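[1] build me a model:
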Amino acid sequence: MERDHWWDVIRHCRKRLRQDRDVLSSKQEQTFRREIQKAQNALSADSPDMTKAGEALIEAYNRCFPSLDAPSWRENGEVILVALVVAMAVRAFFLQPFKIPTGSMQPTLNGITVRATQPHETTWWYRMISRPIFGEIVIHFVAETDGALDLSSLQARKFAPLHYGGRNGFFTWFPMDATQFRVGRTAYTFPTEPNKFRGDVLGMGFSSHPPLLKHGQVFRAGETILSCVVQTGDQLFVDRFMYNYRKPERGDIFVFETHDLPVSSPGDFYIKRLAGLPGDTLEIKELDLYLNGQKLMEPIGFRRVMSRRNGYRGYSSHSPGQQHLTNPEESYTLQERQYFALGDNSFASADSRMWGTVPYKNIVGRGFFVYWPFTRHFGRID
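    Below is the predicted model of the structure:
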């Protein structure tokens, strides 16, 4: 056993010398080589001085490389740097994480949306598992004092990591945008940014459900102000590699940049279903999408939307702000390198019907795999 130990020491010393000989002076290198050779000779001859020679080798090693006893900061730094470079390369050229920001692709993909709670979602055990497993924050605000809902004082807030809001609050692991409102003199904080709060809670946007709160609403102490669930949005990987070898195909769920599109927040990334390719002519008739005069039935994603079942409602020709495909007689023909993007939740989607086509240069990649939360959406995207 002792012989095996000293052979391992010699092998490690030779390896370290090959890796880091550049940090040694000529004299240090010669001395270190000499000690390695002495230890090897003593070991080969089974000399009684074997242990002494091995200990001398370790002393020489420690003089040359003082950080022998533990991985050096340099080695750890190199490992971390290589890992960061690999991660950045994967993100830049292969798979990019992406979070669904809105409900425009529901029910195919969940965005950051708000809905009323179901009876089972108010239990303590569900509130404990809802965030890590289902990506949901269960909200239950109770009035601490009598007062009226004052929406004129809405304020944007930003929570630090590991924030806990107490009885009328919630726990956050990561930084989060939030909105503060008041009932009487008491402030309450809701876990979405103000525009999302106005749209999904106050019903001022594309929300498909009635408002959950109304300005001036009066509450007594102990009454429930708001009971709802905030879905924090599906998180997925975007395949940036595939479109280097094939062009985008009809039916792909794809991500694109908006820096030069007339959208509400230029520079954001959008995710939609690719409905029209260069040369296609599109029409919307009675909630159905037509391609070159024929009802579009393939790929299956379009058929699901037009089925008007399981949460799908067809394609709208009269959504707020719609500029294209506004009536059955109107068609839209795409030019070269233009792509037409539609949300599966057509009645609550800002897409190419509002701001036109997506240039090929704006396309980032194809939605590939939902990795969180662990709902029915988990897995490959179609």
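
[2] mind checking how far residue 300 is from residue 18?
    From residue 300 across to residue 18, the span is 58 Å (Cβ to Cβ, to the nearest Å). Every residue, glycine included, has its C-beta placed from N, CA and C.

[3] and what of residue 175?
    From residue 175 over to residue 18 the distance is 46 Å, taken as Cβ to Cβ.

[4] and for residue 98?
    Applying Cβ to Cβ to residue 98 and residue 18 gives a distance of 44 Å.

[5] those two: which has the busier surroundings?
    residue 98 (19 against 8; other Cβ atoms under 10 Å).

[6] hang on, isn't that one packed against residue 253?
    No: if you go by Cβ atoms under 8 Å, residue 98 and residue 253 don't touch, sitting 10.7 Å apart.

[7] shared neighbours, those two?
    271, 367 (Cβ atoms under 8 Å, 6 or more residues apart in numbering).

[8] residue 189 should be in a helix, yeah?
    No: counting by DSSP: H, G, I helix; E, B strand; the rest coil, residue 189 is not part of a helix but strand.

[9] based on its surroundings, how many neighbours for it?
    Residue 189, neighbours per other Cβ under 10 Å, totals 18.

[10] now the helices for the stretch 201-350 of the chain?
    Applying DSSP state H, counting those that start in this stretch to the stretch 201-350 of the chain gives helices spanning 300-306.

[11] could I get the full set of strands for it?
    Using DSSP state E, counting those that start in this stretch, the strands of the stretch 201-350 of the chain run over residues 218-219, 224-232, 235-239, 253-257, 269-276, 281-285, 288-291, 294-295, 332-333, 338-342.

[12] strands paired with the first one, and their directions?
    When sheet partners are counted by DSSP bridges, strand 218-219 sits next to strand 147-159 (antiparallel).

[13] cool, the last one as well?
    Listed by DSSP bridges, the sheet partners of strand 338-342 and their directions read strand 269-276 (antiparallel), strand 358-359 (antiparallel).

[14] deepest in the core, which of those is it.
    Of the strands paired with strand 338-342, the one with the most neighbours on average (mean count of other Cβ atoms under 10 Å) is strand 269-276, at a mean of 24.

[15] and this structure, what are its domains?
    Under the assignment automatic domain parsing, the domains of the chain span 2-64, 112-232, 236-380.

[16] so for residue 88, which of those domains sits nearest?
    Closest to residue 88 of the domains of the chain, according to Cβ to Cβ: domain 236-380, at 12.5 Å.

[17] what average pLDDT does that closest one get?
    For domain 236-380, the mean pLDDT works out to 92.

[18] how far does that domain stretch from one end to the other?
    Length of domain 236-380, first residue to last, Cα to Cα, to the nearest Å: 9 Å.

[19] could you list the low-pLDDT ranges of the stretch 101-250 of the chain?
    Applying pLDDT under 70 to the stretch 101-250 of the chain flags residues 159-174, 205-209.

[20] same thing but at 50, please
    The stretch 101-250 of the chain contains no residues with pLDDT under 50.

[21] hang on, the earlier thing: want to throw the strands of the stretch 201-350 of the chain into TSV with distance to residue 83?
    Formatted as TSV, the strands of the stretch 201-350 of the chain follow (distance: least, Cβ to Cβ, whole Å):
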stretch	distance to residue 83
strand 218-219	52
strand 224-232	27
strand 235-239	18
strand 253-257	25
strand 269-276	25
strand 281-285	46
strand 288-291	45
strand 294-295	50
strand 332-333	47
strand 338-342	35
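
[22] quick one: closest of the strands paired with strand 338-342 to residue 283.
    Of all those, strand 269-276 sits nearest to residue 283, with 10.6 Å by Cβ to Cβ.

[23] give me the contact list for the closest one.
    Outside of strand 269-276, the residues within contact range by Cβ under 8 Å, 6+ apart are 98, 100-101, 104-105, 108-109, 248-258, 263, 282, 289, 291, 296, 301-302, 332, 334, 338-344, 349, 351-352, 357, 364, 367.

[24] just the CA trace of it, in PDB.
    The C-alpha trace of strand 269-276 is given here as PDB (Å, rounded to 0.1, in the frame of the first residue of the first chain):
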ATOM      1  CA  PHE A 269     -38.500  39.600 -27.400                       C
ATOM      2  CA  TYR A 270     -41.900  38.200 -28.500                       C
ATOM      3  CA  ILE A 271     -43.000  34.600 -29.000                       C
ATOM      4  CA  LYS A 272     -45.800  33.700 -31.400                       C
ATOM      5  CA  ARG A 273     -46.800  31.000 -33.900                       C
ATOM      6  CA  LEU A 274     -45.500  31.400 -37.400                       C
ATOM      7  CA  ALA A 275     -48.600  31.600 -39.600                       C
ATOM      8  CA  GLY A 276     -47.400  33.000 -42.900                       C
END
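
[25] dump the strands paired with strand 338-342 to JSON lines, plus distance to residue 61.
    JSON lines is the format used below for the strands paired with strand 338-342 (distance: least, Cβ to Cβ, whole Å):
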{"stretch": "strand 269-276", "distance to residue 61": "53"}
{"stretch": "strand 358-359", "distance to residue 61": "61"}
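
[26] these: which one's closest to residue 80?
    Using Cβ to Cβ, the nearest of the strands paired with strand 338-342 to residue 80 is strand 269-276, at 28.0 Å.

[27] relative to the whole chain's centre, how far out is the closest one?
    A distance of 17 Å separates the C-alpha centroid of strand 269-276 from that of its chain, computed with Cα atoms, centre = their mean, to the nearest Å.

[28] just the angle for that strand relative to strand 281-285, thanks.
    Angle, strand 269-276 to strand 281-285, by axes from the mean of the first three to the mean of the last three Cα atoms, to 10 degrees: 90 degrees.
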